[in-house]
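> Quick one, what's the 3D model for this:
(2 chains)
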Number of protein chains: 2
Amino acid sequence: MVSNEPSPESTAAPQALHDLDLTGDVADLTAALMDIESVSGQERALADTLEVALRRLGHLQVHRDGDALVARTLLGRPERVVLAGHLDTVPLPTTPGARGTVPATWDGATLYGRGATDMKGGVAVQLALAATLPDPNRDVTFIFYDHEEVEGSKSGLGRLARNSPELLEGDFAILLEPTNGTVEGGCNGTSRYKVRTRGVAAHSARAWMGVNAIHAAAPILAILADYTPASVDVDGLSYRESLNAVRINGGIAGNVIPDDCEVEVNYRFAPDKDLAAAQAHVFELFQGFEIERTDGAPGARPGLQHPAAASFVAAVGRTPMPKFGWTDVSRFSALGIPAVNFGPGDALLAHSDDEHVTRAAIHDCLAALRRWLGGAPQDTAEPAGR
Amino acid sequence: MVSNEPSPESTAAPQALHDLDLTGDVADLTAALMDIESVSGQERALADTLEVALRRLGHLQVHRDGDALVARTLLGRPERVVLAGHLDTVPLPTTPGARGTVPATWDGATLYGRGATDMKGGVAVQLALAATLPDPNRDVTFIFYDHEEVEGSKSGLGRLARNSPELLEGDFAILLEPTNGTVEGGCNGTSRYKVRTRGVAAHSARAWMGVNAIHAAAPILAILADYTPASVDVDGLSYRESLNAVRINGGIAGNVIPDDCEVEVNYRFAPDKDLAAAQAHVFELFQGFEIERTDGAPGARPGLQHPAAASFVAAVGRTPMPKFGWTDVSRFSALGIPAVNFGPGDALLAHSDDEHVTRAAIHDCLAALRRWLGGAPQDTAEPAGR
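Residues are numbered from 1 along each chain as shown, chains lettered A, B, ... in the order given. Model prediction:
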């Protein structure tokens, strides 16, 4: 495990580059990637390292945009698949003794550390495929990008789509976000609203001179508490929706009748609806209340009817599932490219203080993609002594 | 209007004292008192000024405790009445152009400025009575005290009650807080509670993994919204109660199912109940919820059946009303002294940016007290030229 203390002088000069072995054990490669700290906004050292490693390979055309990299085979295959993953992680845990941190640590065959599931295992699988599969049965575009874990406007994938949309072209995309080795199709959309009540402030000793905005929010909470979220079948997958208050705030002092109360509502909606339909549903639910939408991103249909997707699902050999969380498959979907999530590790561990992934999960993910892309099986047995 | 810029060197040395005319027009005296800024904690200049003025009178025994003053007639009358008022004000308005500030300003016969209603008019009436009624039909104890507008533990009246309880003795007390010239008897009690719901945090994309604490607060708001507050008859006055959420807070982020929601509830209760009974009522209302009391002060019964109170009500000549806000009558009540509020100005203007009082209201208040204390009527006509 290599120490990677960023030095303040290093922003202009190239970073001291890590010598990555892309052809060795992909789980060890994961650990090496995890040791290169890359919290959102600090992806440069990792991007530099990957750029050097990818350019060395020779059979790939490499393009860099900020701290995003695109590496493509140009074999003239009738079909092109995009394999994409983000380089950044959420910040390191602050809890003393947390194992989901940097550097990575092995506990038997389990790898602990920041990025273990989200998503340096997936990035390692991309790199291993790039290095060991020079002649895939489909052309492959490998995308590594920055700023996924922060506001969408900073997304490196979004920037690539604006700057070089031709580099993102493909018939099918796989995002190597953690799915426990199952194909997770599409994703739910997400949208946020502020539902507000207003009253009239007064001293609480003479409460009848005022109108209590918090009391006026009682029906809002009742609507939320009574709501039964739908599960919606889209292209054969069942998308479970949810509608939740995520924040509530009202009142300014212990002796003042509050004249304002605000409930922030998050509606996660199935990809049968666009953002406008989702908003219409929420507005109807809270009819009569002051409401505005503050945020929103559409979901993505699973697109599993596409031949490339179908053959991929067959290669993985497990029943595909819906993806509930919003992921960048939605960006591919918006570009007209069917996309699924498929990666090692448990999404529920992402961002946790205990983030970890097993060696086997990373091996299995690589093996499935190799199978589908026409590569010979590799020996995925654990090296002796681990 | 005298300028009263406090100088930093003045804390040890006596303040430059204002020459107050206690025997002139009581409304002009009010304006002079208002010009001596006395936000809570900064009452010294005003207390110094009053101490000098009171000691000059000769017929009063004067006692000082911090920035509180007690001045008493010792005429051996069979009955003693306490007239009490606080010297401090809330901070000056920050709104540009607000008229409820320092120095005071006249607009016709209306006096604008901080303390106009709360309560330099009342203090001026106390001083005028002290100066012009050397031979009242009852012994009179004038109390001027500090730190009324801040937390109760700092109260100058509370400090006097601890240090020199004998100086507070009396058969009946009148607090010259603003009541628009009506006798307001007793006061409601006040108590505050935190009612809390807990849930289980989860990413809002998989809301079903969590339990939403804000949704769980829906019944709390429903209880509050549906509650019909009582009006309770105590000693012939009807005390209107109130139960209100004054603050609500829940949730930590736009994508996290909240595991905590807290509703702060203020119960203002009639003086037929003590604090324990008030708490029992609220705990019963929110049975099954996590609840704690965070604050509380009992009310005070009006005590209008006391002969001194009854004669005072008769002298005022208007139907007495209940006091809804908590005032220091509660402290007298706790000492076993029946107490009422009676003072010039509208309590609803207290603390406002527009605080003001009319010349007539101050004159009328003084006249009623003079009548009751056996003084000859004074000419309360407005001086020429105003």
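
> Only the buried residues of stretch A:274-281, if you could.
A:275, A:278-279, A:281 (16 or more other C-beta atoms under 10 Å in any protein chain shown). All C-beta spots, glycine's among them, are computed from the backbone N, C-alpha and C.

> Next: stretch A:55-64.
For stretch A:55-64, by 16+ other C-beta under 10 Å, it's A:60, A:62-64.

> re earlier: ok, which pair from the buried residues of stretch A:274-281 is furthest apart?
In the buried residues of stretch A:274-281, two members sit farther apart than any others by C-beta to C-beta. They are A:Leu275 and A:His281, at 10.8 Å.

> Filter the buried residues of stretch A:55-64 down to just the ones in strands.
A:62-64 (DSSP state E).

> Also near chain B: which of those, exactly?
Among these, no residue sits close to chain B (C-beta under 8 Å from any C-beta of the partner chain).

> And the residues you listed, which is closest to A:Val234?
Nearest to A:Val234, judged by C-beta to C-beta, of these is A:His63 at 33.8 Å.

> I'd like the distance between that closest one and A:Arg72.
8 Å (C-beta to C-beta, to the nearest Å).

> Quickly list what's touching both of the two.
A:Leu167 (C-beta atoms under 8 Å, 6 or more residues apart in numbering or on different chains).

> Next up, phi/psi of A:Ala45, please.
phi -60, psi -40 (degrees, to the nearest 10).

> Quick check, it in contact with A:Ser38.
Yes. Counting by C-beta atoms under 8 Å, A:Ser38 is a contact partner of A:Ala45 at 7.0 Å.

> Same drill for the two, tell me which one is more crowded.
A:Ser38 (26 against 21; other C-beta atoms under 10 Å in any protein chain shown).

> How about the more buried one, nearest residue that isn't a chain neighbour?
Spatial nearest neighbour of A:Ser38, chain neighbours left out: A:Leu46 (4.3 Å); criterion: C-beta to C-beta, 6 or more residues apart in numbering or on different chains.

> How about the secondary structure of that neighbour?
At A:Leu46 the chain is in helix, as set by DSSP: H, G, I helix; E, B strand; the rest coil.

> wait, isn't it in contact with A:Asp35?
No. A:Leu46 lies out of contact with A:Asp35 (C-beta under 8 Å); the separation is 9.9 Å.

> So these two - more neighbours on which side?
A:Leu46 (29 against 19).

> quick one: that one from chain B, how far?
Using C-beta to the nearest C-beta, to the nearest Å, A:Leu46 is found at 25 Å from chain B.

> pLDDT score assigned to A:Asn4?
Confidence at A:Asn4, expressed as pLDDT, is 41.

> what sits opposite A:Gly189 in the beta ladder?
Beta-bridge pairing for A:Gly189 (DSSP bridges): A:Phe269.

> what's the closest non-adjacent residue to A:Ala201?
Nearest residue to A:Ala201, sequence neighbours excluded (C-beta to C-beta, 6+ apart): A:Asp259, at 4.1 Å.

> show me what contacts A:Ser155?
A:145, A:147-148, A:328, A:331.

> again, 7 Å this time
A:147-148 (C-beta atoms under 7 Å, 6 or more residues apart in numbering or on different chains).

> Next one: it from A:His351, what distance?
When distance is defined by C-beta to C-beta, A:Ser155 is 17 Å away from A:His351.

> do the same with A:Val211
In terms of C-beta to C-beta, A:Val211 sits 41 Å off from A:His351.

> List the neighbouring strands of the lowest-mean-pLDDT helix or strand in chain A plus their orientation.
Using mean pLDDT, DSSP states H and E, strand A:202-203 stands out as the lowest-scoring helix or strand of chain A, at a mean of 86. Partner strands for strand A:202-203, per DSSP bridges, with pairing direction: strand A:256-257 (antiparallel).

> For the strand it pairs with, which outside residues touch it?
With C-beta under 7 Å, 6+ apart as the test, strand A:256-257 has contacts from A:199, A:201-204, A:207, A:210, A:212, B:244, B:246.

> can we see that at 8 Å?
Here strand A:256-257 has contacts from A:199-204, A:207, A:209-212, B:244, B:246, using C-beta under 8 Å, 6+ apart.

> Now for the residues you listed, which sits with the most neighbours around it?
A:Asn212 (29 neighbours).

> Tell me who's in contact with that one.
Per C-beta under 8 Å, 6+ apart, neighbours of A:Asn212: A:199, A:257-258, B:224, B:244-245.

> Quick check: phi and psi at it.
A:Asn212 has phi and psi values of phi -80, psi 110 when expressed as degrees, to the nearest 10.

> A:Asp328 and A:Leu157 touch, don't they?
Yes. Contact criterion C-beta under 8 Å: A:Asp328 and A:Leu157 qualify, at 5.4 Å.

> what sits in contact with each of these two?
A:84, A:86, A:148.

> residues contacting A:Leu20?
Neighbours of A:Leu20 in contact, by C-beta under 8 Å, 6+ apart: A:29, A:32-33, A:49-50, A:53, A:127.

> How about A:Leu33?
So A:Leu33 contacts A:20, A:46, A:115, A:120, A:123-124, A:127 (C-beta under 8 Å, 6+ apart).

> Between the residues you listed, which sits nearest B:Thr95?
Using C-beta to C-beta, these come closest to B:Thr95 at A:Gly115, 52.2 Å.

> Need the nearest residue in space to A:Asp353, chain neighbours excluded.
A:Ala98 (3.9 Å).

> For A:Arg162, see how far away the closest residue to A:Ala300 other than its chain neighbours is.
Among residues not flanking A:Ala300 along the chain, A:Ser333 sits closest, at 3.5 Å (C-beta to C-beta, 6+ apart). For A:Ser333, the distance to A:Arg162 equals 17 Å [C-beta to C-beta].

> quick one, phi psi at A:Gly115?
Taking degrees, to the nearest 10 as the convention, A:Gly115 sits at phi 90, psi 0.

> tell me which element A:Asp233 falls in.
Using DSSP states H and E, A:Asp233 maps to strand A:231-234.

> A:Arg192 now?
Applying DSSP H and E, one finds A:Arg192 within strand A:189-198.

> Quick one: list the elements packing against that strand.
When contacts are defined as 3 or more C-beta pairs under 8 Å, 6 or more residues apart in numbering or on different chains; DSSP states H and E, strand A:189-198 packs onto helix A:213-216, strand A:260-269, helix A:275-285, strand A:290-297.

> list the buried ones in the following helix or strand past the shortest one?
On the C-terminal side of helix A:213-216, the nearest following helix or strand under DSSP H and E is helix A:218-226. Neighbour-count burial for helix A:218-226, with 16+ other C-beta under 10 Å as criterion, is recorded at A:218-225.

> and helix A:218-226, what other elements does it pack with?
strand A:242-250, strand A:260-269, helix B:213-216, helix B:218-226.

> Ok, which of these comes nearest B:Pro78?
helix B:218-226 (50.2 Å).

> what angle separates that closest one from strand A:242-250?
50 degrees (axes from the mean of the first three to the mean of the last three C-alpha atoms, to 10 degrees).
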